[in-house]
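1. the following comprises the amino acid sequence and a computationally predicted model.
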Amino acid sequence: MAFLLTPGQWGDAPQMVEVLDRIRVPRPLGGRPRTRPDHVSGDKAYSSRRNRRYLRRRHIRHTIPEPKDQRANRRRRGSSGGRPASFDRDLYRRRNEVERTINRLKNSRAVATRYDKRAYVFHGTVTAAAIRLWLRQ
């Protein structure tokens, strides 16, 4: 698991590349840690050209719906607009598991209201809440 703290007014989607770059999953038998997830799901906000290019370059499968305006622009450009993005509805339905996990993290009052002034202290608070969630399951 990886997370990144940003100011409140920053969007989530532009931070996707940085979060994916922070993933390090140790292998049970040693060796280099895994740095690439099997699959990424996101909502329409994550459907930027930068994010899709990054996922394609790293050979990460993804399920991200294409917004209507991007679909219309692609169609308007004709054959130079590229192929439509693939989309699997069944995988996309599982995205709510992430949303529910974030809501469970916010059950911790210190995470939901962010009493901590310093980012490194809040990072520790979120880490402790995530570990507590993980141990409960």
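-> Good, I have the coordinates.
2. for stretch 16-32, which positions count as buried?
-> 16, 20 (16 or more other C-beta atoms under 10 Å). Backbone N, C-alpha and C define where each C-beta goes, glycine included.
3. so what touches it?
-> 2-4, 33-37, 40, 42, 46, 50-51, 54, 58, 60 (C-beta atoms under 8 Å, 6 or more residues apart in numbering).
4. all strands of this structure, in order?
-> With DSSP state E, the ranges of strands along the chain come out as 39-41, 61-63.
5. partners of the last one, with directions?
-> The pairing partners recorded for strand 61-63 under DSSP bridges are strand 39-41 (parallel).
6. wait, Pro67 sits on Ser47?
-> Yes - counting by C-beta atoms under 8 Å, Pro67 touches Ser47, with 5.9 Å between them.
7. these two: which is more packed in?
-> Shown here are Pro67 and Ser47; by other C-beta atoms under 10 Å, Ser47 has more neighbours (18 against 14).
8. if I look at that one, how far off is Tyr120?
-> Distance, Ser47 to Tyr120, using C-beta to C-beta, to the nearest Å: 32 Å.
9. cool, and Glu97?
-> 28 Å.
10. can you check Ile23 too?
-> In terms of C-beta to C-beta, Ile23 sits 20 Å off from Tyr120.
11. how about Gln70?
-> The value you get for Gln70 to Tyr120, if C-beta to C-beta is used, is 37 Å.
12. show me the contacts for the residue nearest to Gly11 when sequence neighbours are not counted.
-> Spatially, and ignoring its direct neighbours in sequence, Gly11 is nearest to Ala45 (7.0 Å; C-beta to C-beta, 6 or more residues apart in numbering). Listed by C-beta under 8 Å, 6+ apart, the contact partners of Ala45 are 11-13.
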